[in-house]
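Asker: just coords:
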DNA sequence: CAATAAGATGCATTTCAAATACATCTTATT
DNA sequence: AATAAGATGTATTTGAAATGCATCTTATTG
């Protein structure tokens, strides 16, 4: 259960831009250097975000990239949906190619869908403005995915 | 955002067993044939489930595999946690190897954790007995992961 | 209008986890 | 002994994702 690094970088790039002071412009090279990642890879991420309408670019000297909309109008869920290449949790989510013989009467599928919807619903509660907030220092021990004690 | 086929097969195998009439025994070869998947692969799945205590095996003629506990005591979430090899949604979830420069004050991490917890909480509501239920025929159009209209 | 700084695009290559295959080995029944 | 089942370890393949490379377009500046 992982998101691709592509999605991870998309979110980081957007957060980076959201945190910049007005006018919130940076170059791809700058950002690649900051995160110590390949400029080429970040370029791909950038173009995808441009095509999805999340950022806009200015070419030439003095150019760079900026958010295309205010941070508080960009939902985290929206970004993940637009960026993550494959949201098919299991084979049978991909109806045209599904081979599983259980499908037509399998309650598991409904369960997994419900879980995925719950996942996305949380992301839909937050915007880039939230995600870009500084100062998060929660105790990591509270961030476990283990089942909480049922008592 | 996908679970591995390994996890998918683990769940299918358990559901298969849960659906069998008493005493709920089947051979790996039978199941592999039913799902049209490699016996070898299913063998790996089987062994993992044995080691996790979900199923028990009987060797030799007349043997096979069975649930080790009643289906209603086996949580879907429990199976996923035990089976899915990597629950690190993004790089920074893997603290020892994290390289991301945002980590220490990034609200995104908390958001993703919350989403993952919501995901698992749904799976924790259901057991194998639920997942093995027959007769699920929900309209697939209700199963979308798209953001619901906010009105 | 040449030089330079930025992003855009297409294609090729690499990487790595996951999946698959293969070869034995162990245990139980008949 | 023969056979039917699962167990284990190793090797190989596969495919999506990541990475690299080359070239093109657009804009600014002196």
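Answerer: That came in fine, so what should we check first? Computed from a predicted model, the values in this text were never measured in an experiment. Numbering: from 1, shown residues only, chains lettered A, B, ... in the order given.
Asker: stretch A:78-86: which residues count as buried?
Answerer: When burial is assessed from 16 or more other Cβ atoms under 10 Å in any protein chain shown, stretch A:78-86 yields the following buried residues: A:78, A:79, A:80, A:81, A:82, A:83, A:84. C-beta: built from backbone N, CA, C; applies to glycine.
Asker: now swap in stretch A:90-101 and tell me
Answerer: Neighbour counts using 16+ other Cβ under 10 Å place A:90, A:91, A:92, A:93, A:98, A:100 of stretch A:90-101 among the buried residues.
Asker: what comes into contact with the lowest-mean-pLDDT helix or strand in chain A?
Answerer: Lowest on mean pLDDT, DSSP states H and E among the helices and strands of chain A sits helix A:28-35, with a mean of 91. Taking Cβ atoms under 8 Å, 6 or more residues apart in numbering or on different chains as the criterion, the residues outside helix A:28-35 that touch it are A:9, A:12-13, A:16, A:38-39, A:41-43, A:46, A:64-65, B:100-101.
Asker: low-confidence bits of chain A, can you list those?
Answerer: Screening chain A residue by residue with the criterion pLDDT under 70, one finds the ranges A:103-105, A:135-143, A:151.
Asker: now for whichever helix in chain A runs longest, which elements pack on it?
Answerer: Selection of the longest helix in chain A by residue count, based on DSSP state H, yields helix A:107-125. If you count contacts as 3 or more Cβ pairs under 8 Å, 6 or more residues apart in numbering or on different chains; DSSP states H and E, helix A:107-125 packs onto helix A:76-83, helix B:107-125, helix B:128-131.
Asker: quick one: it to helix B:107-125, angle?
Answerer: With axes from the mean of the first three to the mean of the last three Cα atoms, to 10 degrees as the criterion, the two stretches helix A:107-125 and helix B:107-125 enclose an angle of 150 degrees.
Asker: buried sites along helix A:107-125?
Answerer: A:107-124.
Asker: contacts for it?
Answerer: Helix A:107-125 has contacts (Cβ under 8 Å, 6+ apart) with A:75-78, A:80-81, A:87, A:89-90, A:92-93, A:102-103, B:1, B:11, B:15, B:76, B:111-112, B:114-116, B:118-123, B:126, B:130-133, B:136, B:138, B:143, B:145, B:147.
Asker: so does the helix or strand containing residue A:65 get close to DNA strand D?
Answerer: When secondary structure is defined using DSSP states H and E, the element that contains residue A:65 is strand A:64-67. No: Strand A:64-67 lies apart from DNA strand D when judged by Cβ under 7 Å from any atom of the strand; the minimum separation is 11.0 Å.
Asker: next, the buried residues of that strand.
Answerer: Within strand A:64-67, the residues that qualify as buried are A:64, A:65, A:66, A:67, counting by 16+ other Cβ under 10 Å.
Asker: likewise stretch A:61-77?
Answerer: When neighbours are counted by 16+ other Cβ under 10 Å, the buried residues of stretch A:61-77 are found to be A:64, A:65, A:66, A:67, A:68, A:71, A:74, A:75, A:76, A:77.
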